[in-house]
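1. Model the following, please.
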Amino acid sequence: MTTTQPETRVVYTEKLGPSIGMWILIVIAAASTALMVLPVWTAGTIILPVISFVLLAWWLRSLGISIIVTERQLFVGDAHIDRRYVTDATGYDAEDARTARGTGLDARAFLMLRPWAKCAVRIDIHDESDPTPYWLVSSKRPMELAAALKP
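-> Prediction:
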């Protein structure tokens, strides 16, 4: 759980969890393990898919992130930065986010991207001691997040 500084107001919050499609994929992946062991271990056709599903579900849940913007800081998953270093924020729709993740990407950027969230926000950073020019963060509500980060 991300903690914030005392006496700061939360301006924006978003929980970015896996989509229904991702959950369906892990159910299919877990079920397919039954086919692999059917010829050699009949009991394994029940045991292995259950164990596989539990492990895949645990892994998939661990990929979810929380985005919290307070008056003083920005938290994205385990990463955080003081808002005084944030100079600008731009929300991207799915097509612009695709370009930002591909040909428009700076190799020095900090990335917190998730495949189930097609939109993103570019958060420009200006810190003399940090060579990171910007953060690129997945978001389901990119325009609201960008507005919350505007100085």
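
2. any idea where the helices of this protein begin and end?
-> 20-37, 44-62, 94-101, 142-149 (DSSP state H).

3. Just say which of those is most tucked in.
-> helix 142-149 (a mean of 20; mean count of other C-beta atoms under 10 Å). From N, CA and C alone the C-beta is placed, and that goes for glycine too.

4. Give me the contacts around that helix.
-> Applying C-beta atoms under 8 Å, 6 or more residues apart in numbering, the external contacts of helix 142-149 come out as 11-12, 14, 67, 69, 74, 83, 86, 89-93, 97, 119-121, 123, 137, 139.

5. One more pass at 10 Å, please.
-> Helix 142-149 has contacts (C-beta atoms under 10 Å, 6 or more residues apart in numbering) with 10-14, 67-70, 74, 76, 83, 86-94, 96-97, 117-124, 135, 137, 139, 141.

6. where are the low-confidence patches of this structure?
-> Residue ranges of the chain with pLDDT under 70: 1-7.

7. and if we set it to 80?
-> 1-8, 151 (pLDDT under 80).

8. and the residue nearest to Pro18 when sequence neighbours are not counted, what does it touch?
-> Excluding the flanking residues, the one nearest Pro18 by C-beta to C-beta, 6 or more residues apart in numbering is Leu60, at 5.1 Å. Going by C-beta under 10 Å, 6+ apart, Leu60 touches 17-18, 22-23, 25-26, 116.

9. ok, what's across the strand from Val86?
-> Ile125 (DSSP bridges).

10. Give me the neighbour count for it.
-> 21 (other C-beta atoms under 10 Å).

11. What's the end-to-end length of stretch 83-94?
-> End-to-end distance for stretch 83-94, by C-alpha to C-alpha, to the nearest Å: 26 Å.

12. Also stretch 70-84?
-> Termini of stretch 70-84 sit 12 Å apart (C-alpha to C-alpha).

13. Distance from the chain centre to that stretch, please.
-> 15 Å (C-alpha atoms, centre = their mean, to the nearest Å).
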